[in-house]
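**Student:** next come a sequence and a model predicted from it.
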Amino acid sequence: ESSAACEVCEGAEEMTEPLKQCVTWLHAYFCEPERTTSLPVPAFHHPLLQQDSFTREVLWTLLRDVKFGEAVSYKQLADLAGNGRAARAVGGAMRSNPIPIIIPCHRVIRSSGQVGNYGGGNLMKEWLLSHEKLQKEKLAY
C-alpha cells in the first residue's frame, strides 16, 4: 500500500452527476473503503444491466451480496443467483461485466481457492483482493 494521499482529478466541477458519483465511489474504494457501504452505487445505464438475463442477475447478485474483503467461487455465485449448475455462465457474466471494481468481479475465484482469470490481468485481480484484505484487517482494529 502506498502512503501517498489519494487525489481526485482536476476539473471535477465539469463532470456530470453520474461521473461524479463514480469518482466519489472509486475514491472511497481505494482510500476510505468503509465509506463504500454508505455511498449510493453510481447509476448504471449499460444495456447489459437493463435487460432481463442471467448475466444481469449474476452481476446484481455479486454487487449486492459479496461484500468488501470477501470472495466467492463461481459455483457459489451461481447458487446465489438462482442456478447452482451455471458456474460456467457465471464466468461468462464476469467477462461481460461493463463496470469492473464497482461490480466486483475480482471477488469471484475458483472453488480450489486459485484466483482465476480477470479482464484486467491476474496481477491486478490479486492486487485488488490483497487491497481489500488489508483494508478489512485495518478496519477490524
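**Tutor:** It's in. As the structure is a computational prediction, the values presented were derived from the model and not from experiment. Numbering: from 1, shown residues only.

**Student:** for this protein, what spans make up the helices?
**Tutor:** 17-31, 47-50, 54-65, 74-80, 87-96, 122-140 (DSSP state H).

**Student:** mean confidence score for the second one?
**Tutor:** Going back to what we said before, that points to helix 47-50. The average of the pLDDT scores along helix 47-50 is 70.

**Student:** ok, back up a step: lowest mean pLDDT across the helices of the chain, which one is that?
**Tutor:** helix 47-50 (a mean of 70).

**Student:** so the closest residue to residue 122 other than its chain neighbours versus residue 65, what's the distance?
**Tutor:** Ranked by Cβ to Cβ, 6 or more residues apart in numbering and with sequence neighbours excluded, the top spatial neighbour of residue 122 is residue 115, at 5.9 Å. Backbone N, C-alpha and C define where each C-beta goes, glycine included. For residue 115, the distance to residue 65 equals 20 Å [Cβ to Cβ, to the nearest Å].

**Student:** among the helices of the chain, which is nearest residue 104?
**Tutor:** helix 54-65 (6.4 Å; Cβ to Cβ).

**Student:** reformat the helices of the chain as JSON lines; add mean neighbour count.
**Tutor:** Formatted as JSON lines, these follow (neighbours: other Cβ atoms under 10 Å):
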{"stretch": "helix 17-31", "mean neighbour count": "16"}
{"stretch": "helix 47-50", "mean neighbour count": "13"}
{"stretch": "helix 54-65", "mean neighbour count": "18"}
{"stretch": "helix 74-80", "mean neighbour count": "20"}
{"stretch": "helix 87-96", "mean neighbour count": "18"}
{"stretch": "helix 122-140", "mean neighbour count": "14"}
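
**Student:** so which of the ones you listed gets nearest residue 102?
**Tutor:** Nearest to residue 102, of the helices of the chain and by Cβ to Cβ, is helix 17-31 at 6.4 Å.
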